[in-house]
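> After the sequence you'll find the predicted model.
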Amino acid sequence: MRIDRGAQRRAKPILADVANNLVHALDHVTAAARKSAGLPNPRNLYFPIERDDDDYVRVIEKKVAVHLDQPWIDIFAAAREAHRPYLHYLQLVRILSRESKHWELAAGTAGALAVQWFPPGLQQHRIVEMPADHFTANDSYPIWEAAESFPNVGVRPAPGSGASSAGQRDQMRAYSPAVSVSDSVA
């Protein structure tokens, strides 16, 4: 399995657009709450996406409560609590949304620092750490190689690693655009 920088580059505008749309949809919910009270939309009113409880309370007090009535704040708090296991992911979506707005203007230096995965047949996960600057000089990073493909998982062999036709390679590329599996043995 390899992290493929080219696939990440191709996926970035699509993933950035999805992240932007999700964050803006949540912001529209907040604006609609304000509008339901018959008030105009203020500038700088955003849906409160905070993983840390103290940060959330601070954002509610300083940025949201001045614009919304308590029943709406209670609805946001209930929704946050119901989705607590996903707060980390929602915060990552917000970061992606913010950082990707001008992604064409600045060269990115971000990369994965580690990958957690479960090898076939094992119950214990493995964490593979990558050097922080690996992708400045390389396009991929080997995580796992074996004679056989991953069994029963949503990862397919990488294009050029055993696919017999261009159609199969395109199908594989569409199935898993950012992570690929190599069929070759190291």
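Right, received. Where do you want to start?
> rest of the way, CA atoms for contacts and neighbours
Fine.
> pLDDT averaged over the helix or strand containing Leu87 - what is it?
Using DSSP states H and E, Leu87 maps to helix 87-100. Rounded to a whole number, the mean pLDDT of helix 87-100 is 88.
> List the buried residues of the very next helix or strand once past it.
Note on helix 87-100: by DSSP H and E, the next helix or strand toward the C-terminus is strand 114-117. Judged by neighbour count (16 or more other CA atoms under 10 Å), strand 114-117 contains no buried residues.
> do stretch 62-82 as well
Of all the residues in stretch 62-82, those buried under the rule 16+ other CA under 10 Å are 63-64, 67-68, 73, 76-77, 80.
> can you list the residues you listed in JSON lines and add distance to Arg34, secondary structure and pLDDT?
Formatted as JSON lines, the buried residues of stretch 62-82 follow (distance: CA to CA, whole Å; DSSP: H, G, I helix; E, B strand; the rest coil; pLDDT from 0 to 100):
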{"residue": "Lys63", "distance to Arg34": "13", "secondary structure": "helix", "pLDDT": "90"}
{"residue": "Val64", "distance to Arg34": "10", "secondary structure": "helix", "pLDDT": "91"}
{"residue": "His67", "distance to Arg34": "7", "secondary structure": "coil", "pLDDT": "89"}
{"residue": "Leu68", "distance to Arg34": "6", "secondary structure": "coil", "pLDDT": "90"}
{"residue": "Ile73", "distance to Arg34": "11", "secondary structure": "helix", "pLDDT": "93"}
{"residue": "Phe76", "distance to Arg34": "13", "secondary structure": "helix", "pLDDT": "93"}
{"residue": "Ala77", "distance to Arg34": "16", "secondary structure": "helix", "pLDDT": "95"}
{"residue": "Arg80", "distance to Arg34": "19", "secondary structure": "helix", "pLDDT": "94"}
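> farthest pair in the residues you listed?
Farthest pair in the buried residues of stretch 62-82 (CA to CA) is His67 and Arg80. Separation: 18.6 Å.
> returning to what we had before: which one of the buried residues of stretch 62-82 is nearest Val93?
Closest to Val93, out of all of those and judged by CA to CA, is Arg80, at 15.1 Å.
> Give the next helix or strand downstream of whichever helix or strand Asn21 is part of.
Using DSSP H and E, Asn21 sits within helix 5-36. Following helix 5-36 in sequence order, the next helix or strand is helix 53-59 (DSSP H and E).
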